[in-house]
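Engineer: for reference, the sequence and a predicted model appear below.
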Amino acid sequence: MMKNALICLLTVSLLLGCNKERDVKQAAVVNDPMLVTASPALMESLRLAEVAAEPVAETLRVAGNIGFDEQRLTRIGASITGRVVQIDAQLGQQVRKGDVLARLNSAELSEQQLAYLKALAQLELNKRNAERAKALFEADVIGAAELQRRESEYKISTAETRAAADQLRLLGVTDAAIARLGKAGEVDSVTPVVASLGGVVVERKLLQGQVVQPSDILFAVADLSRLWAVAQVPEQQVGQVKVGQSVSIEVPALGNEKLVGKLIYVAQTIDPETRTVLVRTELDNSDGRLKPAMLATMLIEARPVERLVLPASAVVRENDAEHVFVPKAMAYFACCR
């Protein structure tokens, strides 16, 4: 009898202790300011879901700008030292390949033309002498040594004339102009600066009367029907970009209209000053709306990466902050930011 009473007493004590511990935990939950309580009616409509890892493709937003397609851009300089006597092309003017952009007066050109004419005249003289010597040799009037001397002089004159013509080509004189010079025999000290590409004159760096050198850039002509969009991707994100990825470009000047393209270039080196990598895409500009140097934002769809995800409906936005509720106890949920 005493033994049974002792067992009952211990059982009651254990139950009282468990109830007390549960009440303490429940009170702690109730007093936690980060917890919210769901009513029984709300609990019936709530659905719980587990956070899972899924591949997510992030979109990188990097600042950039619109630039020239450098394969459709040419810089045109003087081929000879001379003074600018005429300017035919103005900034923004549309030109075709071969159009005259400016004209230079050059004493060097006159000297080289004169040297060519002298070489050409000597060539004609030595040619006739060689032909006459050959006829005299066949008539047994002169010996073989004299014939060889005349023929050697003719060959030397031929080489000198070719060299003089090559010098004119180096100065920008065309073969047609050299042929006219040889036929007319008139020296012309004025040489044109011509466009080597059709497009728009986007740079003009000369003035009337200015003396220019062969190293000087006088004009830049660009075909603006296609342009580049370039941007700098931070070093930490370079692993997420590669050639061929889809790209959207937002241009503020066009009302942030999205232009779609693909990455055609990802630099193989990092800029040591900015710690970024240059990327670019090509854009059609046949309508002429895009202008070089326009600001742009490049949105690059990166490669998918495993991330923890949850349903969008589980996110609660309040006071410019996003919250997620995590179950902690029966009808109690912790608010997490």
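Structural biologist: Cool, got the structure.
Engineer: buried set for stretch 102-119?
Structural biologist: Judged by neighbour count using 16 or more other CB atoms under 10 Å, the buried positions of stretch 102-119 are 102, 103, 104, 105, 106, 109, 112, 113, 116, 117, 119. Backbone N, C-alpha and C define where each C-beta goes, glycine included.
Engineer: contact partners of that stretch?
Structural biologist: Stretch 102-119 has contacts (CB atoms under 8 Å, 6 or more residues apart in numbering) with 78, 80-89, 157, 160-161, 163-165, 167-168, 171, 173, 178, 181-182, 185, 187-193, 206, 212, 218-219.
Engineer: and with 7 Å instead?
Structural biologist: 78, 80-89, 157, 160-161, 164-165, 167-168, 171, 181, 185, 187, 189-193, 206, 212, 218 (CB atoms under 7 Å, 6 or more residues apart in numbering).
Engineer: now it: mean pLDDT?
Structural biologist: With pLDDT averaged residue by residue, stretch 102-119 scores 92.
Engineer: just use 26 as the starting number from now, easier for me
Structural biologist: Fine by me, first position is 26 from now on; the one you just mentioned is stretch 127-144.
Engineer: now the nearest residue to residue 310 once chain neighbours are set aside: which helix or strand?
Structural biologist: Counting by CB to CB, 6 or more residues apart in numbering, residue 252 is the residue found nearest to residue 310 once chain neighbours are left out, at 4.9 Å. Under the criterion of DSSP states H and E, residue 252 resides in strand 251-259.
Engineer: now residue 99
Structural biologist: strand 98-102.
Engineer: could I get the helix or strand following that strand in CSV with only the CA atoms?
Structural biologist: Where DSSP H and E defines the elements, the next helix or strand beyond strand 98-102 is strand 107-112. Extracted C-alpha coordinates of strand 107-112, given in CSV (Å, rounded to 0.1, in the frame of the first residue of the first chain):
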residue,chain,number,x,y,z
GLY,A,107,51.3,70.1,-97.4
ARG,A,108,49.1,73.2,-96.8
VAL,A,109,45.3,72.9,-96.7
VAL,A,110,43.9,74.9,-99.6
GLN,A,111,40.4,73.6,-99.7
ILE,A,112,38.0,71.8,-97.4
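Engineer: neighbouring contacts of strand 107-112?
Structural biologist: With CB under 7 Å, 6+ apart, strand 107-112 has contacts from 127-131, 215-216, 231-237.
Engineer: which one of those residues is nearest residue 92?
Structural biologist: Relative to residue 92, the closest of these is residue 231; by CB to CB it sits at 24.2 Å.
Engineer: list the contacts of the closest one.
Structural biologist: 109, 112, 127, 237, 243.
Engineer: so which of those is the most crowded?
Structural biologist: Most neighbours among the contacts of residue 231, by other CB atoms under 10 Å: residue 127, with 24 neighbours.
Engineer: the nearest residue to it once chain neighbours are set aside: what's it in contact with?
Structural biologist: Spatially, and ignoring its direct neighbours in sequence, residue 127 is nearest to residue 218 (4.5 Å; CB to CB, 6+ apart). Residues counted as contacts of residue 218 (CB under 7 Å, 6+ apart) are 101, 103, 126, 127, 129, 243.
Engineer: domain ranges for the protein?
Structural biologist: 84-94+248-332, 96-130+219-247, 132-213 (automatic domain parsing).
Engineer: coming back round to it: and the residue nearest to residue 127, what pLDDT?
Structural biologist: At residue 218, pLDDT is 92.
Engineer: quick check: it vs residue 246, distance?
Structural biologist: 11 Å (CB to CB, to the nearest Å).
Engineer: can you check residue 107 too?
Structural biologist: Taking CB to CB, one finds residue 107 at 20 Å from residue 246.
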